[in-house]
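In: Using only what follows, build the 3D model:
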Amino acid sequence: MIKIKKEALDRFQNEADSIDLDNLKNNNENGEIYKRLRDLASTLCIKIRSNSKIDTIKDKIINKIKEYKNVGFIECNIPTYNIYFLDGKHFESISKFFQEIFFKEKSKNIWNEEVEEGRSIKDIIKEKLDIYAENLKSEIENKGIKDKIKAFLPELQEISINPVFEPSSIKIGIEVQLLETGGKKIRVDKKGDGTKRRITMALLEYKRSQDKEPSLYVFDEPDTHLHVKAQVDLLNIIRKFNENGKQVIIVTHSPFIMNAVRPQEIRLLLLQNGETIVKSLSLEKDIEWALKRLGIENVILFFSRKILIVEGKTEEVFIPLMYEKLFNTSLYSDLVKVVKREGITDVPRFAKVLSEFIKPKDIFILIDNDADERTRDIINTLQIPEENIFKIGNKEFEDAFEPEVIYEAWKIFTETRGKKIGPSWTIKNIRELRDKCVKDGLKFSEKLKELNKKGSMRMDKPTFAQALAEYCNKEHLPEQFIDLLNKLRY
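Out: Numbering: from 1, shown residues only. Coordinates of the predicted model:
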């Protein structure tokens, strides 16, 4: 009997409900949904025939969840597994490995090995023991021991000597040596931990290939002491375990390992109110791809401190550069993610995913004064607090900077790269252009490109953002922008 919390049943219910059987697009999608349903059925201890239809499986799952919600527990036989555990400090002994795989049974059954025609070691030992028993019996008789005992036990008639022999594993073993060309022994114990870890995984992979029983492999920080390339090799080995039908659980703190798997494969364990809770995501393919397009890696998704949504490419490039310049650390290191608004194509589902791990108070948005309906929709759906909404610039972010700053930033950026600014690139022209754009509702960044046309350095938004970031110091930044960076930092 397994007790199960209502929250878990609700999650299973939502997962089942999210599977739309009416709009299957192709056979591949059909197969993927079939696998998802069978896995969910297995989790809920529901027996499914091999020829069951998709809609039948889904109906059984939904009905079972309703039943479980009423009784509060699941009744099923918990399958038994061979469990293999490998922690971050353990390395497989080569000699012990080969002894376990190839010699363990031999040490048990050595007694039955035939050493003479028709006779095993056990037969010879039994024969010898019988002889010893007869000799001992004669010696007892000859030395009058029986008569001495009989004086106190008159009823004694005979002393029987029966040899006892219980064959068991004997303490024998093997030593395995790895040799170089010329027969020189390779001292594995002198190798680095990374090499030992890879050898251990290679030996475990052999175990995996030979193991026909249901098995669970638990790897506790197997990436310890491994460089990135070695971690790639490690993951490839572990995936083979899984492809061979083995259950694999990896405990890791490695951002690389986390980012190398799908979000659905990650479970985040948290201690809340003295209880361990498990958080996970059930993402549809399009949401998973949307997260990737936004550059939201698994580490960011599960561990972000703060999210900043921006409207333009200039902000997307400028903010991380300026943040590092001011605080001498990167946004990534501080677990802050900048997301470009255009990438958020499905606001409700994006909000649903974020809400699993990010609270509204930790979501910020940088907008212009003329934010459109889509931006307002994002603000409302994500429930971004008013104090986290930063309006910098009129029509766009670029027009928030003083003409002198824009002029000097681009001039220095251009000249340090061996290029020249054009004759139209003056503080006066930039000021007049900015005022006109604000007045007429024009895009300042586009018009700036026209001022730069006769210069020898091509201007685009990412390049302009880099020029600004290289030039600007704290005193050149709008006050609201400094406030925003401080809130992201602390």
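
In: can you give me the strands in this protein?
Out: In the chain, the segments counted as strands under DSSP state E are 2-3, 73-74, 82-86, 114-116, 119-120, 215-220, 247-251, 268-272, 275-279, 306-310, 336-340, 363-367, 389-391.

In: Save the ones you listed as a markdown table, and put in distance to residue 144 and mean neighbour count too.
Out: From N, CA and C alone the C-beta is placed, and that goes for glycine too. Shown next, in a markdown table, are those (distance: least, Cβ to Cβ, whole Å; neighbours: other Cβ atoms under 10 Å):
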| stretch | distance to residue 144 | mean neighbour count |
| --- | --- | --- |
| strand 2-3 | 70 | 10 |
| strand 73-74 | 73 | 14 |
| strand 82-86 | 59 | 14 |
| strand 114-116 | 39 | 10 |
| strand 119-120 | 37 | 14 |
| strand 215-220 | 64 | 18 |
| strand 247-251 | 69 | 16 |
| strand 268-272 | 75 | 10 |
| strand 275-279 | 74 | 10 |
| strand 306-310 | 96 | 23 |
| strand 336-340 | 96 | 21 |
| strand 363-367 | 100 | 23 |
| strand 389-391 | 109 | 15 |
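
In: TSV for those strands, including mean pLDDT and distance to residue 423?
Out: Formatted as TSV, the strands of the chain follow (pLDDT from 0 to 100; distance: least, Cβ to Cβ, whole Å):
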stretch	mean pLDDT	distance to residue 423
strand 2-3	56	78
strand 73-74	59	78
strand 82-86	70	69
strand 114-116	78	103
strand 119-120	86	104
strand 215-220	81	65
strand 247-251	85	62
strand 268-272	82	58
strand 275-279	82	59
strand 306-310	92	33
strand 336-340	89	35
strand 363-367	93	34
strand 389-391	93	35
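
In: Kindly reformat those strands as TSV containing distance to residue 262.
Out: Converted to TSV, the strands of the chain look like this (distance: least, Cβ to Cβ, whole Å):
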stretch	distance to residue 262
strand 2-3	26
strand 73-74	26
strand 82-86	23
strand 114-116	55
strand 119-120	55
strand 215-220	18
strand 247-251	13
strand 268-272	14
strand 275-279	15
strand 306-310	21
strand 336-340	19
strand 363-367	24
strand 389-391	33
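
In: what about those strands, which gets the closest to residue 148?
Out: For these, the distance to residue 148 is smallest for strand 119-120, at 39.1 Å, taking Cβ to Cβ.

In: sorry, back to before: residue 159 is nearest to which of the strands of the chain?
Out: For the strands of the chain, proximity to residue 159 was assessed by Cβ to Cβ; strand 119-120 is nearest, at 29.6 Å.

In: Parallel or antiparallel, list what pairs with the closest one.
Out: Counting by DSSP bridges, the strands paired with strand 119-120 are strand 114-116 (antiparallel).

In: still on that earlier bit, closest one to residue 231 among the strands of the chain?
Out: Set against residue 231 and scored by Cβ to Cβ, these come closest in strand 247-251, at 11.1 Å.

In: Now do the closest one: which elements does it pack against?
Out: Packed against strand 247-251 by the contact rule (3 or more Cβ pairs under 8 Å, 6 or more residues apart in numbering; DSSP states H and E) you find strand 215-220, helix 228-243.

In: out of the ones you listed, deepest packed?
Out: Compared across the helices and strands packed on strand 247-251, strand 215-220 shows the largest average neighbour count, a mean of 18 (mean count of other Cβ atoms under 10 Å).

In: Can you check which of the strands of the chain gets nearest to residue 134?
Out: For residue 134, the closest of these is strand 119-120, at 19.3 Å, according to Cβ to Cβ.

In: And the strands of the chain: which comes nearest residue 35?
Out: Of all these, it is strand 247-251 that lies closest to residue 35, at 15.2 Å by Cβ to Cβ.

In: give the contact list for residue 64.
Out: Going by Cβ atoms under 8 Å, 6 or more residues apart in numbering, residue 64 touches 44, 46.

In: Now do it against residue 118, distance only.
Out: Separation of residue 64 from residue 118 (Cβ to Cβ, to the nearest Å): 61 Å.

In: before we move on, what about residue 375?
Out: For residue 375, the distance to residue 118 equals 91 Å [Cβ to Cβ].

In: Between those two, which is the more surrounded one?
Out: Taking neighbours as other Cβ atoms under 10 Å, residue 375 and residue 118 compare with residue 375 leading, 18 against 6.

In: from what I can see that one touches residue 341, true?
Out: Yes: contact status for residue 375 versus residue 341: in contact at 6.4 Å, counting by Cβ atoms under 8 Å.

In: Longest helix in this protein, please.
Out: helix 121-142 (DSSP state H).
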